[in-house]
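Engineer: Provide a 3D model corresponding to the input given below.
(one chain, ligands or ions: 2)
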Amino acid sequence: MTETGSDVAGQQQEYDVVVVGAGSTGENVAGQAVAGGLSTVVVEAELVGGDCSYWACMPSKALLRSGSARRAAQRAAGVEVGGLDARAVLDHRDEVTSHWSDDSQVSWLEQTGIDLVRGHGRLTGEREVTVTAADGSTRVLRARHAVALCTGSSATVPDVPGLRDSRSWTSHDGTSAGEVPGRLVVVGGGVVACELATAWSDLRSTVTVLARSELLSGNEDFAGRLVREALVERGVDVRTGVQASEVRRGPDGVRVQVSDGSVLEADEVLVAAGRRPGTDDLGLATVGLEDGAWLDVDDTLRVLRDGEPVDWLYAVGDLNHRAMLTHQGKYQARAAGDVIVARATGAAVDDAPWGAHVATADARAVPQVVFTDPEVASVGLTTAAAQEAGLDVRVVDHDLASLAGTYVHAQGYTGQSRLLVDEARGVVVGATFVGQDVAELLHAATIAVVGEVPVSRLWHAVPSYPTISETWLRLLEALGRDTARTRP
Ligand SMILES: Cc1cc2nc3c(=O)[nH]c(=O)nc-3n(C[C@H](O)[C@H](O)[C@H](O)COP(=O)(O)OP(=O)(O)OC[C@H]3O[C@@H](n4cnc5c(N)ncnc54)[C@H](O)[C@@H]3O)c2cc1C
Ligand SMILES: NC(=O)c1ccc[n+]([C@@H]2O[C@H](COP(=O)([O-])OP(=O)(O)OC[C@H]3O[C@@H](n4cnc5c(N)ncnc54)[C@H](O)[C@@H]3O)[C@@H](O)[C@H]2O)c1
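Structural biologist: Numbers count the residues shown, from 1 in each chain. Ligands and ions are numbered 1, 2, ... in the order given. This is a model prediction of the structure:
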């Protein structure tokens, strides 16, 4: 047994499985492999736990929670609501990130029997990873069965004159900053932009959003519209159809030239313009793959080279670009870890759609909650995506404000829900809910999509009265009572 949890330099060089990147995805691949009896090492360049724990999901949700809870209280009759203590929120965020210490996650590796090598891992040939430690020393790890690349993604910085030199924030700074900037310009209109504009404006930063298109453009149109209206109502300056054309940092802050001719003065600029794969310096070229590219994989997460799976190489999580979400990376990791074990032990591989060893949901049913206020919760197809796929869908909408459940839940509730039904099969293929506290509605929709539950059967899934989930009944009514009849 090798030493686990701390650097094991000079000890075991050969393992059944080598995992590069110990983010939420890499940890889960390793956990499954070890549970299946395979010796496993993970290589980590920074903190065990990766982006989600320290610079993404967890700190951003910690920053968002108090503002949305405060507004929820303001919308409840008779509650006297005080202000928001920004310092206390930042302190809470620091606790949620364990003050950027990975001790507890390293303990988990130790307890689980997973070895850890700290340093930067690179492929240096078939089944071979060379790790360079912070002191420059190197060691070579060989994999008997599989190498799993789980190196995630990082923020893209667009080629805007002056932006790279202006010490602009990326999502790392946007989730870990120790002080609230007086004035913040956010470049981008996607998920990171909307969540962090919400969080920092709640903490009393004066926020301007510069977005090329409508907000949250990958979602149903009404999502971006409702989030935008709410941000504007709270004093955020949301400008769409514009770009930053030049950014310069001077002694008094940052000067942002906007494509519409206006100029903004800010204390910080947050770049939230999408992600790039963590494959720049991963040695991909040594095994015939392209450095710096997203990695294509088959449904069992094996890397495709010239369209064919490489039998020992897996890419799991953000860097395969299938669904850049923590829960989806962990889902892929469960499938990948299990199939690595199956292939190593000669067990049957269950790779039919929805089998144990494939990540079928990546293409059919990816759930996501955007933790803005209102929240945006979606799964499966949007109307635009269904049209693009040439699917004959029926789209029905419901105004959430009309429910008894929302009427008692919050004064002045606004929100909308939408269901997409595949006409040929009579099953739900997409759902979107936008409103306060809709996040927890989403899993019912995910089950309906994954389970391909016939709409006729959904009429028998009766939502409790008076809850927000009664929107399901209203959506079915919009489809028509005839859909309750079992199809011939
Ligand atoms: C601001 C923000 C908020 C988000 N909020 C949510 C959310 O609420 N819910 C959600 O589901 N998703 C959210 N996401 C997305 C989520 O963070 C990612 O999908 C997830 O972290 C990806 O996990 P991963 O394991 O693939 O990569 P990462 O978490 O990035 O892990 C990769 C690890 O590999 C290490 N590494 C990289 N290269 C090497 C190398 N060569 N050698 C050794 N180690 C290496 C890195 O140090 C890192 O620890 C958010 C993203 C951002 C930016
Ligand atoms: N709650 C959550 O689930 C959550 C929260 C945050 C992030 N994430 C995930 O992290 C990933 C990254 O989020 P993101 O917001 O960075 O990406 P995104 O793809 O959601 O949005 C990118 C935005 O940047 C804009 N953009 C792209 N290039 C630009 C340019 N050159 N100049 C100006 N704007 C430009 C796009 O128009 C878009 O508005 C996403 O996959 C997202 O799902 C998830």
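Engineer: CA atoms for contacts and neighbours, from now on please.
Structural biologist: OK.
Engineer: Show the pLDDT at the residue in the stretch 1-150 of the chain positioned nearest to ligand 2.
Structural biologist: Using C-alpha to the nearest ligand atom, the closest approach of the stretch 1-150 of the chain to ligand 2 is made by residue 57 at 6.4 Å. With respect to pLDDT, residue 57 has a value of 98.
Engineer: Next: residue 486.
Structural biologist: 77.
Engineer: any idea which element it lies in?
Structural biologist: Assessed by DSSP states H and E, residue 486 sits outside every helix and strand.
Engineer: Run through the bridge partners of the closest residue to residue 365 other than its chain neighbours.
Structural biologist: Excluding the flanking residues, the one nearest residue 365 by C-alpha to C-alpha, 6 or more residues apart in numbering is residue 380, at 4.3 Å. Going by DSSP bridges, residue 380 is paired in beta bridges with residue 430.
Engineer: Tell me, how many residues neighbour residue 380?
Structural biologist: A total of 24 residues lie near residue 380 under the criterion other C-alpha atoms under 10 Å.
Engineer: Settle this for me: it is touching residue 427, isn't it.
Structural biologist: No - counting by C-alpha atoms under 8 Å, residue 380 sits too far from residue 427 to count as a contact (11.8 Å).
Engineer: Need the overlap of contacts for these two.
Structural biologist: Taking C-alpha atoms under 8 Å, 6 or more residues apart in numbering as the contact rule, residue 380 and residue 427 both touch residue 449.
Engineer: hang on, the earlier thing: could you check how far the residue of the stretch 1-150 of the chain closest to ligand 2 is from ligand 1?
Structural biologist: Residue 57 sits at a distance of 3 Å from ligand 1 (criterion: C-alpha to the nearest ligand atom, to the nearest Å).
Engineer: what about that residue, neighbour count?
Structural biologist: Residue 57 has 16 nearby residues by other C-alpha under 10 Å.
Engineer: what do you get for residue 370?
Structural biologist: 21.
Engineer: Name the nearest residue to it, ignoring sequence neighbours.
Structural biologist: Take residue 370 and drop its neighbours on the chain: the residue closest to it by C-alpha to C-alpha, 6+ apart is residue 376, 5.0 Å away.
Engineer: Now name the helix or strand holding that neighbour.
Structural biologist: Using DSSP H and E, residue 376 falls in strand 375-380.
Engineer: Same question for residue 89.
Structural biologist: According to DSSP H and E, residue 89 maps onto helix 86-96.
Engineer: gap between the next helix or strand after that helix and the chain center?
Structural biologist: Next helix or strand after helix 86-96 toward the C-terminus (DSSP H and E): helix 103-112. Distance of helix 103-112 from the chain centroid (C-alpha atoms, centre = their mean, to the nearest Å) equals 24 Å.
Engineer: Buried ones in helix 103-112, by neighbour count?
Structural biologist: Neighbour counts over helix 103-112 (16 or more other C-alpha atoms under 10 Å) mark 105-106, 108-110 as buried.
Engineer: Next: stretch 84-95.
Structural biologist: 86, 89-90, 92-94.
Engineer: what's the answer for stretch 179-193, then?
Structural biologist: By neighbour count, and taking 16+ other C-alpha under 10 Å as the criterion, the buried residues in stretch 179-193 are 180-181, 183-193.
Engineer: quick one: terminal-to-terminal distance for that stretch?
Structural biologist: End-to-end distance for stretch 179-193: 18 Å, by C-alpha to C-alpha, to the nearest Å.
Engineer: That stretch near ligand 1 anywhere?
Structural biologist: Yes - using C-alpha under 6 Å from any ligand atom, stretch 179-193 reaches ligand 1 at residue 192.
Engineer: close to ligand 2, is that stretch?
Structural biologist: Yes - residues of stretch 179-193 contacting ligand 2 under C-alpha under 6 Å from any ligand atom: 187-193.
Engineer: Break down the stretch 151-300 of the chain into its strands, ranges please.
Structural biologist: Listed in chain order, the strands of the stretch 151-300 of the chain (DSSP state E, counting those that start in this stretch) span 153-155, 183-187, 206-211, 237-240, 244-250, 253-258, 263-266, 268-271, 275-277.
Engineer: Could you export those as a markdown table, including distance to residue 124?
Structural biologist: A markdown table is the format used below for these (distance: least, C-alpha to C-alpha, whole Å):
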| stretch | distance to residue 124 |
| --- | --- |
| strand 153-155 | 21 |
| strand 183-187 | 37 |
| strand 206-211 | 41 |
| strand 237-240 | 45 |
| strand 244-250 | 39 |
| strand 253-258 | 42 |
| strand 263-266 | 45 |
| strand 268-271 | 33 |
| strand 275-277 | 19 |
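Engineer: Mind putting these into TSV with mean pLDDT?
Structural biologist: Below are the strands of the stretch 151-300 of the chain laid out as TSV (pLDDT from 0 to 100):
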stretch	mean pLDDT
strand 153-155	98
strand 183-187	98
strand 206-211	98
strand 237-240	98
strand 244-250	97
strand 253-258	98
strand 263-266	98
strand 268-271	98
strand 275-277	98
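Engineer: residues from the chain in reach of ligand 2?
Structural biologist: Counting by C-alpha under 6 Å from any ligand atom, the residues of the chain close to ligand 2 are 158, 187-193, 211-213, 243, 272-275, 324-325, 368-371.
Engineer: try it again with 5 Å
Structural biologist: Within the chain, the residues that sit near ligand 2 (C-alpha under 5 Å from any ligand atom) are 158, 188-192, 272-274, 324, 370.
Engineer: Could you dump the residues you listed into a markdown table and include pLDDT and distance to residue 317?
Structural biologist: Listed next are those as a markdown table, based on pLDDT from 0 to 100; distance: C-alpha to C-alpha, whole Å:
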| residue | pLDDT | distance to residue 317 |
| --- | --- | --- |
| 158 | 97 | 23 |
| 188 | 98 | 23 |
| 189 | 98 | 23 |
| 190 | 98 | 19 |
| 191 | 98 | 18 |
| 192 | 98 | 18 |
| 272 | 98 | 20 |
| 273 | 97 | 19 |
| 274 | 98 | 16 |
| 324 | 98 | 7 |
| 370 | 98 | 19 |
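Engineer: Identify those among those that sit within helices.
Structural biologist: Of the positions in these, 191-192 sit in helices, assigned by DSSP state H.
Engineer: Which residues of the stretch 151-300 of the chain lie near ligand 1?
Structural biologist: Counting by C-alpha under 5 Å from any ligand atom, the positions of the stretch 151-300 of the chain adjacent to ligand 1 are 151-152, 171.
Engineer: if we go to 6 Å?
Structural biologist: Residues of the stretch 151-300 of the chain lying near ligand 1 (C-alpha under 6 Å from any ligand atom): 151-153, 171, 192, 278, 282.
Engineer: how about these, which pair is most distant?
Structural biologist: For these, the farthest-apart pair by C-alpha to C-alpha is 192 and 282; their separation is 25.9 Å.
Engineer: Where does pLDDT dip in the stretch 1-150 of the chain?
Structural biologist: Where the stretch 1-150 of the chain drops to pLDDT under 70, the residues are 1-12.
Engineer: what ranges do the helices span in it?
Structural biologist: 24-35, 50-54, 57-74, 86-96, 103-112 (DSSP state H, counting those that start in this stretch).
Engineer: now swap in the stretch 351-488 of the chain and tell me
Structural biologist: Secondary structure of the stretch 351-488 of the chain by DSSP H, counting those that start in this stretch: the helices cover 361-364, 383-388, 404-409, 442-451, 455-458, 471-479.
Engineer: Could I have the CA atoms of the second one written out in CSV?
Structural biologist: Read that as helix 383-388. The C-alpha coordinates for helix 383-388 follow below in CSV (Å, rounded to 0.1, in the frame of the first residue of the first chain):
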residue,chain,number,x,y,z
THR,A,383,-37.6,25.6,-28.6
ALA,A,384,-34.7,26.8,-30.8
ALA,A,385,-32.8,23.6,-30.2
ALA,A,386,-35.8,21.4,-31.1
GLN,A,387,-36.3,23.4,-34.3
GLU,A,388,-32.7,23.0,-35.2
